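1. Provided below for reference: sequence and predicted model.
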Amino acid sequence: MTGTIDYGNLMHRAMRSLIQNVLSDIAQEGLPGEHHFFVTFDTMHPDVEIADWLSDRYPGDMTVVIQHWFADLEVTDEGFGITLNFGDNPERLYIPYDAIRTFVDPSVEFGLRFETPEDDEDTEILDIEEAPMDEMVEPDPEPTERKEAEVVSLDQFRK
C-alpha cells in the first residue's frame with residue numbers, strides 16, 4: 001500500500017464511469033429530449049480506431065457530435081464504438097474512455113475535461129461558450145443568458 005490516496009486517478013475513473021453509464025442508457029433508450037454530446041478525443045491514442053483519412057485530417061484531437069444521426073452504439077468497460085456520418089460517408093469509430101479529453105452536453109450545460117500531465121493550464125471550469133466544440137453549435141436566434149457549465153477538473157488532485 002502506498003502512503004497516499006490517488007484521488008486524481010479515482011476521480012478520472014469515476015467520471016469515465018459516468019460517461020459509460022450515460023452512453024449505455026443512450027444505446028438502450030436513445031437520446032432523450034434535446035440532449036446531445038460533443039466528445040473530443042486524442043486521435044493518436046493507441047487504442048483509438050478511426051478511418052485513416054480521419055486520423056490524417058485530425059492528427060491530434062478530434063471532436064465528434066452525437067446527436068441526430070448515429071448508429072450501432074456499443075458501450076464496453078473500456079470504451080465505445082459508434083457509427084457516425086461524415087458528409088454522407090458512415091464511418092465506424094472506437095473511442096476508449098482513456099482517449100477522451102472533453103465530454104460536453106450543451107443542452108444542460110454540463111461538461112467534463114480530462115487534463116493530461118502535459119497540459120499546462122489549471123482551468124477548473126470549462127465554459128461552454130469558450131469550448132472548441134461550441135463552433136459546431138448553431139447560435140440561438142435570440143441570445144439567452146448563459147450559466148457556467150458544471151465541470152469537474154481533475155488536475156488539482158494530481159501530484
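-> Perfect, I can see it now. Numbering: from 1, shown residues only.
2. just the strands in the chain please.
-> Counting by DSSP state E, the segments of the chain that form strands are 37-42, 61-66, 70-75, 79-85, 90-96, 100-105, 110-113, 150-153.
3. So what would you say the end-to-end distance of stretch 98-111 is?
-> Using C-alpha to C-alpha, to the nearest Å, the end-to-end distance of stretch 98-111 comes out at 16 Å.
4. Show me the helices in the protein, by range?
-> Using DSSP state H, the helices of the chain run over residues 7-29, 52-57.
5. how about low-confidence regions in this structure?
-> Applying pLDDT under 70 to the chain flags the ranges 1-2, 116-159.
6. same thing but 90
-> Residue ranges of the chain with pLDDT under 90: 1-13, 30-33, 55, 59-60, 67-70, 85-89, 106-107, 109, 114-159.
7. and among the helices of the chain, the most buried is which?
-> Highest mean neighbour count of the helices of the chain: helix 7-29, a mean of 15 (counted as mean count of other C-beta atoms under 10 Å). Using the backbone N, CA and C atoms, a C-beta is placed for each residue, glycine as well.
8. so what secondary structure elements neighbour it?
-> Counting by 3 or more C-beta pairs under 8 Å, 6 or more residues apart in numbering; DSSP states H and E, the packing neighbours recorded for helix 7-29 are strand 70-75, strand 100-105, strand 110-113.
9. JSON lines for those, including distance to D25 and mean neighbour count?
-> Listed next are these as JSON lines, based on distance: least, C-beta to C-beta, whole Å; neighbours: other C-beta atoms under 10 Å:
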{"stretch": "strand 70-75", "distance to D25": "9", "mean neighbour count": "16"}
{"stretch": "strand 100-105", "distance to D25": "12", "mean neighbour count": "22"}
{"stretch": "strand 110-113", "distance to D25": "14", "mean neighbour count": "22"}
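10. Relative to G81, which of these is closest?
-> Nearest to G81, of all the helices and strands packed on helix 7-29, is strand 70-75, at 4.4 Å by C-beta to C-beta.
11. That closest one pairs with which strands?
-> Partner strands and pairing direction for strand 70-75 (DSSP bridges) are strand 79-85 (antiparallel).
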